[in-house]
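Peer 1: Task: produce atomic coordinates for the following.
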Amino acid sequence: MLAGALFGTAGTAVTFAPNEASTSSLGFARLFVGALFLIALLPRLNGNRRALFGLVRHPLVWVMAICSAAYQPLFFGATQRNGVAISTLLTVGCIPIFTGIVGRIFRREIIKKQWIAATTLAIVGLAIRSWSQIELKNVTGVLMAVTAGISVSFYLNAAKSELQKSNFKMELPAVAYLLGSLFLIPLIISEPLSWVLRPSGFVVALYLGIVTMALANALQISGLGKLPAGPTATLMLADPFTATILGVVLLHEEFNGIALLGVILVAIALVWQSLSESRTKQVLPL
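Peer 2: Model (predicted):
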């Protein structure tokens, strides 16, 4: 849940970036800085930098890298076409659904009734919260938002499978994000990057990379080691919950009674899912 909360601060942080910062360059900075920070801290996180070279040969690590790279332009592109509200609803809402489906098909994970109920409640709450802001303008944007959510579902299942096969934890997101940032280089070659040298741009790049990628994914990987991929994705719905609170407090966004009802439903679903998993005695081995 804390990982989801940190993910939820990304949208607010981007609003403080210089105007010339493109979505692709922001995505690249987020991945690259996050990867470097994780690599730098690996010894303190009981990690091994030498293991990074060996992980490059693992196919699932490349799945994680491709998915992490694909998410950035897909989601940001969707927000440009249809706005943040509906893009977030589609992307974040479909993540737990597709994560559970992919986990069931490829990893034979058991789909529990409590997870279905909690996930449904959270998605309904998210839809109610965003209802007044939803405005569909572009079908391509819808496809991009859904594809972004699907990319996260494959990332989570690939990470879960890799965790069960090896003793590596923090090395996985470190190498995946480093490889993922390389995939984005062709998209930013012709774009201005001078915004990073400005104080506001430098701070935003550091925050996106360190907090919303490195720290958030370190927490996510730690939780994923002991939870199925589907419930982990549902708990990540703390992302829009946090984004809503920050939007009201820092960006002075409008917040009516209907939106409050949606946020309350999401909060109930998160607590429900958390209590459900905490009662589960079975712990998946790493």
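
Peer 1: so what does the strand or helix carrying Val102 touch, helix or strand wise?
Peer 2: For Val102, the host element (DSSP states H and E) is helix 84-107. With contacts defined as 3 or more Cβ pairs under 8 Å, 6 or more residues apart in numbering; DSSP states H and E, helix 84-107 has these neighbours: helix 59-82, helix 113-130, helix 139-165, helix 229-235, helix 238-249. (C-beta placed from N, C-alpha, C; glycine too.)

Peer 1: which of those helices is buried the deepest?
Peer 2: Ranked by mean neighbour count, the helices and strands packed on helix 84-107 are led by helix 229-235 with a mean of 29 (mean count of other Cβ atoms under 10 Å).

Peer 1: Name the nearest residue to Gly201, ignoring sequence neighbours.
Peer 2: Closest residue to Gly201 apart from its sequence neighbours, by Cβ to Cβ, 6 or more residues apart in numbering: Trp195 at 4.0 Å.

Peer 1: From Val271, how far out is that neighbour?
Peer 2: From Trp195 across to Val271, the span is 40 Å (Cβ to Cβ, to the nearest Å).

Peer 1: These two: who's more crowded?
Peer 2: Ranked by neighbour count (other Cβ atoms under 10 Å), Trp195 and Val271 place Trp195 first, with 21 against 12.

Peer 1: coming back round to it: out of the helices and strands packed on helix 84-107, which is closest to Leu187?
Peer 2: Leu187 lies closest, by Cβ to Cβ, to one member of these: helix 59-82, at 6.3 Å.

Peer 1: by how many degrees do that closest one and helix 84-107 diverge?
Peer 2: 160 degrees (axes from the mean of the first three to the mean of the last three Cα atoms, to 10 degrees).

Peer 1: for helix 59-82, packing partners?
Peer 2: Based on contacts counted as 3+ Cβ pairs under 8 Å, 6+ apart, the elements that helix 59-82 packs against are helix 23-41, helix 84-107, helix 139-165, helix 171-183.

Peer 1: starting at the chain centroid, how far to it?
Peer 2: Distance, stretch centre to chain centre, for helix 59-82: 10 Å (Cα atoms, centre = their mean, to the nearest Å).
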